[in-house]
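>>> Show me how the following folds:
(one chain, ligands or ions: 1)
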Amino acid sequence: MEYQEPQFFAVMQYASRAAGDVIDMVSGNPDWEPPAALREGLREYADASPDEFQYPPSEGLRELREEIAARRNVDVSQVVVTNGAGEANYLGMASALDRDTGSGVVLVDPVYPYYPGKADMLGGEPELVPSRRDGSLDVEAMVGAIDDDTACVVLNTPNNPTGAVYDIDAVRRVIETAEEHDAVVVVDEVYDHFDFGGDFESALAIDSPHRIVTSAFSKSMAITGLRVGYAILPEALVGGAKTRHMLVNVATSRPAQAAVVHALQETEPEYYERTRRLLSERIDAFTDALDAAGAAYTTPEGSFYVLARFDGFPGTMENVQRLIDEAGVAGMPGETFGSAREDWIRFALVTPRATEGANRLAEYFE
Ligand SMILES: Cc1ncc(COP(=O)(O)O)c(C=O)c1O
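Numbering: from 1, shown residues only. Model prediction:
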């Protein structure tokens, strides 16, 4: 088996070895504060009794699952707490492929590289369907790609790397088509709190036994290191997913889950609004500077990534390394996200130095 290793860590390592100062816009690690109640929850946990340092229920702390179920308006039995959205996506895709209805895994290009990596690892056959130019779903192309050999379709909205927020009717068409061909759709909503226009609607609004929704607190609470996410699965699939989760992980970190419950209960909407405001301002400043650099770019409707294209400078690994060495700015090569955006470079706006980064780019491409 040949595993497809995503290139994020390789680029970050290259940037960390560079001789000069480099502004890191490679990965999606938030640079802002987690909710105050999250820190509080962790502190309190340090004084918990010894039994609270032992195995939690494999499927997740009951209190956390109940909190998630109430917020997402689903039955608590459908919720599995996972090691981030990453594991939730793995469980979702595995559940789809385990049904033995086919091996095809339909993905949207540009693609978050962990999806084709997982599809391969699980014995599926990834097929990439280009999104439209603005990053929205090309519904007809998606419908055309789903056939009787399709086991799974993976959608991600708000999207990494395009920033698109999918129209709920487009998502519905994909789910209905998947139902017709006995396939399962996994909708990764890990950026659901980063929706700048207020247009995002969760796929949970579409009731279907062929729909799995995944998410996490990694980005919404700025805690990618804590590893707490979840999958919401239809009744027929949840048992298998819980067993797979148990066999692979035993359980997810108990202190991290407890701190997330506390933060969910104590954090006001203002925390999330503040983050959205911070990111909106960053996006505006960053794209203004890209204008000055004469670059083409996408303005994200959601998530916190900007794709930029510089004339005569395609998004290859080699060019990204040149930007690190010669401009002091690190992004991700478009070619690592499938083939639809090979000319582009993705910048994650999770640094207070984002505008400085764009100014460096403007100077470099002058
Ligand atoms: C689309 C998408 N899904 C999943 C993840 C992983 O999330 P987590 O850290 O919760 O595993 C990321 C991280 O960048 C992502 O961009």
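>>> Where do the helices of the protein begin and end?
8-16, 36-45, 62-72, 84-98, 114-121, 139-145, 168-180, 235-249, 254-266, 269-292, 317-326, 354-365 (DSSP state H).
>>> Would you reformat those as JSON lines and include mean neighbour count, distance to the ligand and mean pLDDT?
Quick note: C-beta positions are derived from backbone N, CA and C, even for glycine. What follows is the helices of the chain, written out as JSON lines (neighbours: other CB atoms under 10 Å; distance: least, CB to the nearest ligand atom, whole Å; pLDDT from 0 to 100):
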{"stretch": "helix 8-16", "mean neighbour count": "16", "distance to the ligand": "8", "mean pLDDT": "93"}
{"stretch": "helix 36-45", "mean neighbour count": "17", "distance to the ligand": "15", "mean pLDDT": "98"}
{"stretch": "helix 62-72", "mean neighbour count": "17", "distance to the ligand": "14", "mean pLDDT": "98"}
{"stretch": "helix 84-98", "mean neighbour count": "24", "distance to the ligand": "3", "mean pLDDT": "98"}
{"stretch": "helix 114-121", "mean neighbour count": "21", "distance to the ligand": "7", "mean pLDDT": "97"}
{"stretch": "helix 139-145", "mean neighbour count": "16", "distance to the ligand": "17", "mean pLDDT": "98"}
{"stretch": "helix 168-180", "mean neighbour count": "18", "distance to the ligand": "15", "mean pLDDT": "98"}
{"stretch": "helix 235-249", "mean neighbour count": "16", "distance to the ligand": "13", "mean pLDDT": "98"}
{"stretch": "helix 254-266", "mean neighbour count": "21", "distance to the ligand": "12", "mean pLDDT": "98"}
{"stretch": "helix 269-292", "mean neighbour count": "16", "distance to the ligand": "15", "mean pLDDT": "95"}
{"stretch": "helix 317-326", "mean neighbour count": "17", "distance to the ligand": "17", "mean pLDDT": "96"}
{"stretch": "helix 354-365", "mean neighbour count": "20", "distance to the ligand": "17", "mean pLDDT": "92"}
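>>> Distance to residue 212 for the ones you listed - can I get that in CSV?
Below are these laid out as CSV (distance: least, CB to CB, whole Å):
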stretch, distance to residue 212
helix 8-16, 24
helix 36-45, 27
helix 62-72, 12
helix 84-98, 4
helix 114-121, 13
helix 139-145, 17
helix 168-180, 10
helix 235-249, 7
helix 254-266, 21
helix 269-292, 24
helix 317-326, 33
helix 354-365, 33
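>>> Find the residue at the geometric middle of this protein.
When CA atoms, centre = their mean is applied to the chain, the residue found nearest the centroid is residue 190 (4.9 Å).
>>> and that one, how far is that from residue 160?
8 Å (CB to CB, to the nearest Å).
>>> The nearest residue to residue 112 once chain neighbours are set aside: neighbour count?
The shortest distance from residue 112 to any non-neighbouring residue, by CB to CB, 6 or more residues apart in numbering, is to residue 160 (5.2 Å). As a burial measure, residue 160 scores 26 neighbours (other CB atoms under 10 Å).
>>> mind listing what the residue nearest to the centre of the chain touches?
Applying CB atoms under 8 Å, 6 or more residues apart in numbering to residue 190 gives the contacts 85, 156, 214, 215, 216, 218, 219, 229.
>>> how does it look with 6 Å?
If you count contacts by CB atoms under 6 Å, 6 or more residues apart in numbering, residue 190 has them with 85, 215, 216, 219.
>>> hmm, which two among the residues you listed are most spread apart?
Greatest spatial distance among the contacts of residue 190 (CB to CB): 215 and 219, at 9.3 Å.
>>> Of the contacts of residue 190 - the most surrounded one?
Result: residue 216 is most packed of the contacts of residue 190 (other CB under 10 Å), 30 neighbours.
>>> Any idea what that residue is bridged to?
For residue 216, the beta-bridge partners are residue 229 (DSSP bridges).
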